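Novice: return a 3D structure for these sequence lines:
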Amino acid sequence: MLRFENRTVVITGASRGIGAAIAKRFAREGANLAVSANEESVHAVANAIKADGGKAISYVGDVTDKASVKGLYDAAETAFGAIDVSIQNAGVITIARVEDMTEGEWDKVMAVNTKGVFLCAQEAIARMRKHGRGGRIINTASGQARDGFIYTPHYAASKMGVVGITQSLAKEVATEGITVNAFCPGIIETDMWAYNDQAWGKLLGNYGPGELMREWVEGIPMKRAGSGEDVAGLVTFLASDDAAYITGQTINVDGGLIMS
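Specialist: A predicted model of the protein is given here:
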């Protein structure tokens with residue numbers, strides 16, 4: 001099913017994990033992909049898409065830098081024309097007791113997770129308005145946008161901020177054919193969650209590798225961690241014509257872990 005044939009999708013944080021899974025799902029459905037990250041490995045994601053017959057470019061950039069963000073969207077327009085979907089997925093986390101958390105950690109997490117979402121959405125909306133054919137803005141939040149967890153006040157604040165950005169922008173562009181939504185991944189099998197397991201495990205009781213993750217997964221009604229493909233299914237729906245009357249929403253994709 002080629003729901004996104006001749007549509008251009010920009011995805012940040014696409015070098016691995018959720019971002020790479022989303023990119024590959026869009027590619028299978030015919031989209032033109034502009035995949036970006038702050039590391040060179042993002043080129044491998046674009047190359048894999050092209051090897052499978054898809055269309056993709058890659059861009060190494062910094063979502064906290066306005067000039068770098070502009071360069072990403074310039075590259076996408078140059079390669080494919082008007083931008084139809086922009087997915088703000090770049091994110092970082094650190095985990096520490098409050099007395100050990102540095103100002104630098106706070107600033108970096110807020111800059112990437114919240115300012116980065118704003119800068120990319122700002123750039124994407126300006127271009128969608130210019131081309132006048134609507135579009136989709138989709139932001140990555142987190143379960144911590146619903147319920148802040150221990151040892152991560154900066155991350156919780158950053159992701160709750162994503163929900164606020166989503167709602168505010170949705171109201172501004174609602175009459176222009178542009179929808180703005182967010183999604184909250186739960187426990188997903190990614191490199192970030194491998195770090196979370198290790199870092200929270202040490203602070204919450206000297207768990208061995210994988211032990212805390214297994215304990216938390218037992219608390220999920222579906223009794224399994226999610227995959228990138230689980231998330232990609234929701235994101236491609238929100239980007240599709242079937243979601244044209246959905247905006248300003250933040251949707252959990254977590255196996256029932258948080259029901260609100």
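Novice: now the helix or strand in which Ser168 is found: buried residues?
Specialist: Element membership for Ser168 (DSSP states H and E) is helix 153-173. Using 16 or more other CB atoms under 10 Å as the test for burial, helix 153-173 gives 153-163, 165-167, 169-170, 173. Heads up, the C-betas are built off the backbone N, CA and C, glycines and all.
Novice: give me the neighbour count for the closest residue to Asp52 other than its chain neighbours.
Specialist: Distance criterion CB to CB, 6 or more residues apart in numbering; nearest residue to Asp52, sequence neighbours excluded, is Ala27 at 6.9 Å. Counted with other CB atoms under 10 Å, the neighbours of Ala27 add up to 24.
Novice: what's the pLDDT at Ala27?
Specialist: Looking at Ala27, its pLDDT is 98.
Novice: what packs against the strand or helix carrying it?
Specialist: Assigned by DSSP H and E, Ala27 belongs to helix 17-28. For helix 17-28, the elements it packs on are strand 8-11, strand 32-37, helix 42-51, strand 55-60, strand 85-88, helix 228-239, judged by 3 or more CB pairs under 8 Å, 6 or more residues apart in numbering; DSSP states H and E.
Novice: with mean pLDDT, mean neighbour count and distance to His131 as extra columns, can I get those in CSV?
Specialist: Formatted as CSV, those follow (pLDDT from 0 to 100; neighbours: other CB atoms under 10 Å; distance: least, CB to CB, whole Å):
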stretch, mean pLDDT, mean neighbour count, distance to His131
strand 8-11, 98, 28, 10
strand 32-37, 98, 28, 14
helix 42-51, 98, 18, 23
strand 55-60, 98, 21, 18
strand 85-88, 98, 28, 13
helix 228-239, 98, 21, 16
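Novice: now distance to Trp216 too, for these, in a markdown table please.
Specialist: Below are those laid out as a markdown table (distance: least, CB to CB, whole Å):
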| stretch | distance to Trp216 |
| --- | --- |
| strand 8-11 | 27 |
| strand 32-37 | 27 |
| helix 42-51 | 28 |
| strand 55-60 | 33 |
| strand 85-88 | 26 |
| helix 228-239 | 16 |
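Novice: closest one to Ile18 among these?
Specialist: helix 228-239 (5.1 Å; CB to CB).
Novice: now do that closest one: distance to the chain's middle.
Specialist: Put simply, helix 228-239 sits 11 Å off its chain's centre (CA atoms, centre = their mean, to the nearest Å).
Novice: got a list of contacts for that helix?
Specialist: 3-4, 9, 17-18, 20-22, 24-26, 29, 84-85, 87, 136, 138, 179, 181, 183, 185, 188-190, 243, 246, 251, 253 (CB atoms under 8 Å, 6 or more residues apart in numbering).
Novice: narrow the residues you listed to those that are buried.
Specialist: 4, 9, 17-18, 20-22, 24-26, 29, 84-85, 87, 136, 138, 179, 181, 183, 185, 188-190, 243, 253.
Novice: ok, back up a step: for the residue nearest to Asp52, list the residues it contacts.
Specialist: 33, 49, 52, 54-56.
Novice: need the max-distance pair from these.
Specialist: Among the contacts of Ala27, Leu33 and Asp52 lie farthest apart (CB to CB), at 11.3 Å.
Novice: with adjacent residues omitted, what lies nearest to the most centrally placed residue in the chain?
Specialist: Geometric centre of the chain, nearest residue: Asn89, 2.2 Å, by CA atoms, centre = their mean. Counting by CB to CB, 6+ apart, Gly13 is the residue found nearest to Asn89 once chain neighbours are left out, at 3.9 Å.
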